[in-house]
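Participant: 3D, please:
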Amino acid sequence: MAELADGCERGAYRRALSGSEALLERAAEFGASLLECHAFLERFGQLTTRLLARAGAEHAELAGTRRLVTAISQSLIER
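Facilitator: Numbering: from 1, shown residues only. You can find the predicted model right below:
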């Protein structure tokens, strides 16, 4: 979790991807399906973007958040 949070805060995609992969592997160990993980990521991305927009985030930050969540989803599917 710390690796994912740190990667997001710093804008370090590789670190964020690595942290998210570890969390998704853990979810799979406890029985979460690929579909469940993908649906979670999709909804999480939507909510995160909405909260950032409400907080006054700039367009670049919103776009970066969308790209990061998309990259995490793609990484999940590729595994």
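
Participant: who's in contact with Ala22?
Facilitator: Glu3, Leu4 (CB atoms under 8 Å, 6 or more residues apart in numbering). Any C-beta I mention is one placed from the backbone N, CA and C, and that applies to glycine too.

Participant: For Glu3, grab the count of nearby residues.
Facilitator: Neighbours of Glu3 under the rule other CB atoms under 10 Å: 17.

Participant: Relative to Cys8, how far out is Arg66?
Facilitator: 13 Å (CB to CB, to the nearest Å).

Participant: These two: which is more packed in?
Facilitator: Cys8 (18 against 14).

Participant: And the contacts of whichever helix or strand the more buried one is part of?
Facilitator: Remark: Cys8 resides in helix 2-10, with elements defined by DSSP states H and E. Residues outside helix 2-10 that contact it (CB under 8 Å, 6+ apart) are Ala12, Tyr13, Arg14, Arg15, Ala16, Leu17, Ser18, Gly19, Ser20, Ala22, Leu23, Leu68.

Participant: tell me the mean pLDDT over stretch 10-25?
Facilitator: Averaged over stretch 10-25, pLDDT sits at 83.

Participant: Tell me the buried residues in it?
Facilitator: Using 16 or more other CB atoms under 10 Å as the burial criterion, the residues of stretch 10-25 that qualify are Arg15, Ala16, Leu17, Gly19, Ser20, Glu21, Leu24.

Participant: Would you format those as JSON lines with secondary structure included?
Facilitator: Putting these into JSON lines (DSSP: H, G, I helix; E, B strand; the rest coil) gives the following:
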{"residue": "Arg15", "secondary structure": "helix"}
{"residue": "Ala16", "secondary structure": "helix"}
{"residue": "Leu17", "secondary structure": "helix"}
{"residue": "Gly19", "secondary structure": "helix"}
{"residue": "Ser20", "secondary structure": "helix"}
{"residue": "Glu21", "secondary structure": "helix"}
{"residue": "Leu24", "secondary structure": "helix"}
